[in-house]
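Peer 1: Output the structure for:
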Amino acid sequence: MKDKIQSDSLNQLADPTYSRVREKLREDILSGYFISGERLKIAELVERYKVSQMPIREALQQLQGEGLLIIEPNKGAHVRKVDQQFLENIYEIRQLIEVYLTVKCIENLKEKDLKQLNQLQKGYETAAAKKDYTGCLQFNKRFHSAIYELANNAEGLQILEKHWQLINTLRLTYGFGVERTNEVIEEHRAIISALENRNPIEVEAAAARHCVNAKADLLRQIGDRLK
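Peer 2: Below you'll find the predicted structure:
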């Protein structure tokens, strides 16, 4: 019986319908279709997304984990306000973890890992040259994940994963500053250079600069669009 329950749970999470609903619901929240504080009714979501209740409930649980929704007993789910303070809080936590994991990875860093980072960086630069911002986000995530996985801290990586898709969706919704992709290229190169030198102080400074600039640019883009 226990095995069956676990199997059913895994099948639900692997269901592509659940993933599509989650992505679309996230987009609808961040684009303002669902406003801050609005209660999300299962029946209305079923009608909007043309699916059964199960993928809707799974998507709501996932987005609660990302911090976009608040689910209360007997009250259901309602939209959390995604404002500057919310994003400041996310980025403050991310900066602490990202910088730590980037420095920590030095302990396990090998030449093959540096080669992989350089290859991923080339992929990012190719996407940036084509103004392929979806590609940029994908290569950026792969670049940083390759670094963080070397730190052997699954819990830290799990916290970062929690908000990664949210940030990427915000990026696709609000865009980048005119020079941001060029800045990312320079910042990634600085991180690689510091890692090649195995210099913890240099790595910490490069990783922190990257986080601070990413936060500032996203908040600026959101602020400009909401004026």
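Peer 1: For the residue nearest in space to the middle of the chain, give its distance to V212.
Peer 2: By Cα atoms, centre = their mean, the mean C-alpha position of the chain lies nearest to W164, the distance being 0.9 Å. Distance of W164 to V212, computed by Cβ to Cβ, to the nearest Å: 18 Å. Bear in mind the C-beta positions are built from the backbone N, C-alpha and C, glycine included.
Peer 1: got any ranges where the protein has weak pLDDT?
Peer 2: The chain contains residues with pLDDT under 70 at 1-15, 225-227.
Peer 1: Run through the strands of it in chain order.
Peer 2: Secondary structure of the chain by DSSP state E: the strands cover 39-40, 69-72, 76-79.
Peer 1: Please identify the most buried of those strands.
Peer 2: strand 76-79 (a mean of 18; mean count of other Cβ atoms under 10 Å).
Peer 1: Show me the strands paired with it, marking each as parallel or antiparallel.
Peer 2: strand 39-40 (antiparallel), strand 69-72 (antiparallel) (DSSP bridges).
Peer 1: just the CA coordinates of the longest one, formatted as CSV?
Peer 2: Which is strand 69-72. Extracted in CSV, the C-alpha atoms of strand 69-72 (Å, rounded to 0.1, in the frame of the first residue of the first chain):
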residue,chain,number,x,y,z
LEU,A,69,0.7,31.8,-2.8
ILE,A,70,-0.5,31.5,0.7
ILE,A,71,-2.7,28.5,1.5
GLU,A,72,-4.7,28.6,4.7
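Peer 1: Show the contacting residues for P200.
Peer 2: Residues near P200 by Cβ atoms under 8 Å, 6 or more residues apart in numbering: 103, 106.
Peer 1: Recalculate using a threshold of 10 Å.
Peer 2: By Cβ atoms under 10 Å, 6 or more residues apart in numbering, the contact set of P200 is 102-104, 106, 194.
Peer 1: Counting neighbours, which of those comes out on top?
Peer 2: In terms of neighbours by other Cβ atoms under 10 Å, the contacts of P200 top out with T102 at 25 neighbours.
Peer 1: Tell me who's in contact with the residue nearest to the centre of the chain.
Peer 2: 66, 94, 137, 140-141, 144-145.
Peer 1: Any buried residues in the helix ranked longest in the chain, and which?
Peer 2: Longest helix of the chain, by residue count under DSSP state H: helix 200-226. Residues of helix 200-226 classed as buried: 202-203, 206-211, 213-215, 217-218, 221-222 (neighbour count, 16 or more other Cβ atoms under 10 Å).
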